[in-house]
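**Student:** For reference, the sequence and a predicted model appear below.
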Amino acid sequence: MEAIATGLGERGIATLRYQFPYMEKGGKRPDPPAVAHAAVRAAVAEAGRRCAGVPLLAGGKSFGGRMTSQAQAAAPLAGVKGLAFFAFPLHPAGKPSTDRAKHLSDIKIPMLFLQGTRDALAFLDELQPVIASFEERATLKLFENADHSFHVPARSGRTDAEVRGDLMDAVAAWIEGAIGRA
């Protein structure tokens, strides 16, 4: 996420990075949803305080994105105009399902899904119909040969840095288009 924050900053997009309590403690087991949702809400409140009057976006990578989406679905995050998910974890590895997407239908603001085509936590044949069901509220941007960490194999002819650059460009373009119109 540090590289993502840096890349967004280079494109004029401010970010507020934070850690979930389990990360602060050095734990490996993620926080229960209620604790994670509270951390998301606290981060959004801090971003709103620091950047009063600026349209806010929320999101995260993998677990962070899923917890942000769940928090938004439960009750809108104050001032948030859109959600960006880096590698949304549609299902656990080796257990294809769309159960983790059920709450997304309760979200009424624009959503951006940035996914690698080799992501073992979001098989495209399951993810694409889910996102299509949200019509104009959701945008899917695919990154060819990228895995859940947006790593690409050398044989792809691309580097991880190039993929990260494309990720940041996609976010910036989406903000300009989807959020700029909202």
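**Tutor:** Alright, I've got the coordinates. Numbering: from 1, shown residues only.
**Student:** the residue most distant from the middle of this protein, which is it?
**Tutor:** Ranked by distance from the centre of the chain (C-alpha atoms, centre = their mean), the top residue is R155, with 26.9 Å.
**Student:** tell me what the helix or strand hosting L167 is packed against?
**Tutor:** Secondary-structure element containing L167, defined by DSSP states H and E: helix 160-174. Counting contacts by 3 or more C-beta pairs under 8 Å, 6 or more residues apart in numbering; DSSP states H and E, helix 160-174 packs against helix 2-10, strand 80-86, strand 111-116, strand 138-143. (Glycine included, C-beta is placed from N, CA and C.)
**Student:** Need the residues that contact the helix or strand following the first one.
**Tutor:** From helix 2-10 onward toward the C-terminus, using DSSP H and E, the following helix or strand is helix 21-24. Residues from elsewhere that reach helix 21-24 (C-beta atoms under 8 Å, 6 or more residues apart in numbering): 28-31, 35, 39.
**Student:** Next: stretch 89-107.
**Tutor:** 62-63, 65-66, 69-70, 72-74, 83, 111, 120-123, 126-127, 130, 133-134, 137-138, 148.
**Student:** Can I get the buried part of the residues you listed as one ChimeraX selection?
**Tutor:** To isolate the buried ones among these in ChimeraX, judged by 16 or more other C-beta atoms under 10 Å, type:
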select :62,63,65,66,69,70,72,73,83,111,121,122,123,127,130,134,137,138,148
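**Student:** The residue lying closest to A14 once chain neighbours are set aside: how many residues sit nearby?
**Tutor:** Excluding its sequence neighbours, the residue lying closest to A14 (C-beta to C-beta, 6 or more residues apart in numbering) is C51, at 6.5 Å. The tally of other residues near C51 (other C-beta atoms under 10 Å) stands at 13.
**Student:** now G48
**Tutor:** Residues near G48, counting by other C-beta under 10 Å: 17.
**Student:** That one falls within a helix, correct?
**Tutor:** Yes: with DSSP: H, G, I helix; E, B strand; the rest coil as the criterion, G48 is part of a helix.
**Student:** All good on my end, thank you.
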